[in-house]
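> What shape does this take:
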Amino acid sequence: MTKRTMLVAAAALLLPLAARAHCDTMDGPVVKTALAALDANDVSPVLAWVKPPREQEIRAAFRKAIDARRAHGPAHEASDRRFLETVVRVHRAGEGAPYTGLKPAGSTLTAAVRAADVAVEAKDGSPVERMIVDAVASGLRQRFASLSALETPGSDVAAGRRWVDAYVEYVHYVERLEAAAGVAGAHGEGGSHHEAHAPSPRSTAVAEESTSPAHAH
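Prediction:
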């Protein structure tokens with residue numbers, strides 16, 4: 001696995017799905033862009049965050065928010081908030097993600113996501129690169145070490161099942177890295193490890209037993 005492959009794949013492994021997109025937080029890039037657009041009275045930067053079919057909806061919401069600001073009335077903040085909610089909701093819909101409301105600043109952000117935002121602002125991705133590469137390398141080493149410390153299946157069934165558990169964890173981790181990075185299939189067919197090596201009924205049974213509570217590790 002190349003350094004670039006590890007970099008690309010790690011993002012999907014390090015962050016849970018809910019944390020990968022922080023576009024619904026008050027300190028996320030979508031809200032920051034929307035607030036700056038209101039201050040500058042220019043909706044153009046916001047439109048980059050939404051799909052073309054929803055552009056008019058954003059323009060209409062923007063005009064209402066600007067009108068409320070010009071009126072200097074008590075509805076100013078509420079109108080800003082509605083605009084932010086509209087932009088985030090439409091943006092997430094374009095990604096196929098649900099909208100569950102705006103989250104407070106700092107919500108769901110991991111160290112990697114924070115570092116990524118800092119990198120974008122600083123125009124220097126090297127700190128994030130080191131963080132991700134180190135994390136992936138550590139994950140590979142830990143899983144391989146766990147597998148290497150065990151005996152391959154033999155007369156001791158319980159020990160063999162522990163090896164199978166460690167093997168499955170290691171290979172599945174490698175597969176997730178490969179899939180997230182979009183790497184071509186290692187077996188020449190573009191398929192996964194399991195597609196290239198279909199398990200026998202006996203190995204399937206062992207794998208199923210190894211995931212039961214009696215064999216969980």
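> ranges for the helices of the protein?
3-14, 17-20, 29-40, 44-47, 55-71, 76-94, 111-122, 126-148, 157-181, 193-196, 201-210 (DSSP state H).
> okay, these in a markdown table with mean neighbour count next?
C-betas here are computed from N, CA, C, even on glycine. Converted to a markdown table, these look like this (neighbours: other Cβ atoms under 10 Å):
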| stretch | mean neighbour count |
| --- | --- |
| helix 3-14 | 17 |
| helix 17-20 | 12 |
| helix 29-40 | 17 |
| helix 44-47 | 16 |
| helix 55-71 | 15 |
| helix 76-94 | 18 |
| helix 111-122 | 15 |
| helix 126-148 | 15 |
| helix 157-181 | 17 |
| helix 193-196 | 12 |
| helix 201-210 | 13 |
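> Of the ones you listed, which is nearest residue 105?
Each of the helices of the chain has some distance to residue 105 by Cβ to Cβ; the shortest is helix 29-40, at 9.0 Å.
> Residue ranges in the chain under the pLDDT threshold?
1-21, 108-109, 183-217 (pLDDT under 70).
> Mind doing that once more with 80?
Low-confidence segments of the chain, defined by pLDDT under 80: 1-22, 73-75, 106-114, 180-217.
> Export the helices of the chain as TSV, with columns for distance to residue 101.
As requested, the helices of the chain are exported to TSV (distance: least, Cβ to Cβ, whole Å):
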stretch	distance to residue 101
helix 3-14	25
helix 17-20	13
helix 29-40	12
helix 44-47	19
helix 55-71	16
helix 76-94	7
helix 111-122	19
helix 126-148	28
helix 157-181	29
helix 193-196	39
helix 201-210	41
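> Perfect, I'm done here.
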